[in-house]
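Q: whatever this is, show me its structure:
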Amino acid sequence: MRRLVSIIVLVLLAVAQDATAQAVRMKDIGRFQGGAETAIVGYGVVMGLAGSGDSPHNEVTQQALRNVLSRFGANVVVDQVRSRNVAAVMVTATVPPTSKAGDHLDVSVASIGDARSLLGGALLATPLIGPDGHTYAVAQGPVVVGGYRFDADHNVEQKNHPTAGLVPGGAAVASDVAPAGAPGLLFVLADADMTTAGRVAEALNQALGSGLASIRDAKSVAIRASGDPAETYRLITRAENLTIQPDAPARVVVNERSGTVVAGGGVQISSVVISQGDVKVSVQVEHSASQPLVAGGYAPDARSLLVSNTKLAVSEPHDAVVSFPNTTVNDLVQGLQKVNVRTRAMIAILQAMRAAGALHAEIVVE
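A: Here you go, the predicted model:
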């Protein structure tokens, strides 16, 4: 198992090393401002549950059901609502920036009351609004639940989380999502880095015209464009497919729970000597019985005596001493692998090297 984990670590290091040297498209490292998704949310009611809905004491559900019935001319008071086949839920979805009227979105449904399960229920028409208060979509349809819960005579059988589910394609977009003008032509990096921003601006100026792009800060690059929307979108299409070699700070990610170390292969290490060893102490206890010898062959009062002998053994194995010149984390891990240093010991070594100033990278512990 330890060897398998070490092999996985080496493979991940090799992949990270290749990734740092590979150029990627601009669309893979950032986005144009104005092209972000919009989170929408709504409050609705799930009907048709087999007695697994909210309890009659849930006033929120009673009020919601009363409001639904009142839309169809049914004049009822809250005290008359006693059904456990109804559950109050929150409905959430995400609207892509290119959505058009009539498009369908998947929506998530989650109980906000004391319902035991949403299995078999159907969501009633629920308006979904965005942060600006605008209604972006209307959701309705049967709820798909990846689990169940059944109760009988105080016995409960449950799988996964039956109080949350999904309505596939249940939300219909009400109107086109209008872009924020011509998306502002501000390119926003997924990870802020001044070197990467400089490379983006340089690539844009070389491919699309000198002076077209300029760095605004470590996370964004401003692009000058004409007021013609068609020309602007043609510019965005060309810019998205330009290849950039992104830069990133030296970083080593350590997962202590699984004993995994992931780092870019180019993370530098100064000259260092590593000594790794331990002292093994073992205690062995041996039990033996002493049987008394009696003249004449029989003595009714004689008893066997139980004797315990304790042996203490202390051993100090040969320390693994490894010397490394100026090298990378990739070479370090391979060298420690050759002397059979376990992965968790590698984590302690890397942390000690960072404290000693020999590891020139940030260590992130998860």
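Q: now T237, what's its secondary structure?
A: helix (DSSP: H, G, I helix; E, B strand; the rest coil).
Q: gap between G198 and A207?
A: 15 Å (CB to CB, to the nearest Å). Where you see a C-beta, it was placed from the backbone N, CA and C, and this is true even at glycine.
Q: I244 bridge partners, please.
A: Beta bridges link I244 to V24 when assigned by DSSP bridges.
Q: repeat that for the one 10 residues further on.
A: Beta-bridge partners recorded for V254 (DSSP bridges): V261, V365.
Q: buried ones in stretch 234-247?
A: For stretch 234-247, a neighbour-count test (16 or more other CB atoms under 10 Å) marks 235-236, 239, 242, 244, 246 as buried.
Q: before we move on, what about stretch 185-197?
A: So for stretch 185-197, counting by 16+ other CB under 10 Å, buried means 185, 187-189, 193, 196-197.
Q: ditto for stretch 218-230
A: Neighbour-count burial for stretch 218-230, counted by 16+ other CB under 10 Å, picks out 219-223, 225.
Q: if you look at those, which of them are in strands?
A: When DSSP state E is applied, those are split such that 220-223 fall in strands.
Q: ok, those residues vs T328, which is closest?
A: Closest approach between those and T328, by CB to CB: V221, at 30.4 Å.
Q: distance check, the nearest residue to that closest one once chain neighbours are set aside against D103.
A: Closest residue in space to V221, ignoring its immediate chain neighbours: F187 at 4.5 Å, by CB to CB, 6 or more residues apart in numbering. Remark: distance between F187 and D103 (CB to CB) = 26 Å.
Q: ok, P162 next?
A: Taken as CB to CB, the span from P162 to D103 is 29 Å.
Q: and the two? Which one has more around it.
A: P162 (20 against 17; other CB atoms under 10 Å).
Q: what's the neighbour count on the nearest residue to that one once chain neighbours are set aside?
A: Residue nearest to P162 in three dimensions, not counting chain neighbours: S117, with 3.9 Å by CB to CB, 6+ apart. Around S117 there are 24 other residues, counting by other CB under 10 Å.
Q: do I40 as well
A: If we define neighbours as other CB under 10 Å, then I40 has 24 of them.
Q: picking up where we left off before, out of the ones in strands among the buried residues of stretch 218-230, who's nearest I40?
A: S220 (26.0 Å).
Q: ok, now how distant is the closest one from A201?
A: Counting by CB to CB, the gap from S220 to A201 is 10 Å.
Q: again with V60
A: Taking CB to CB, one finds V60 at 53 Å from A201.
Q: give me the below-cutoff pLDDT ranges for the stretch 101-250 of the chain.
A: When residues are selected by pLDDT under 70, those of the stretch 101-250 of the chain lie in 148-158, 177-184.
Q: what about the helices in it?
A: Using DSSP state H, counting those that start in this stretch, the helices of the stretch 101-250 of the chain run over residues 194-208, 229-240.
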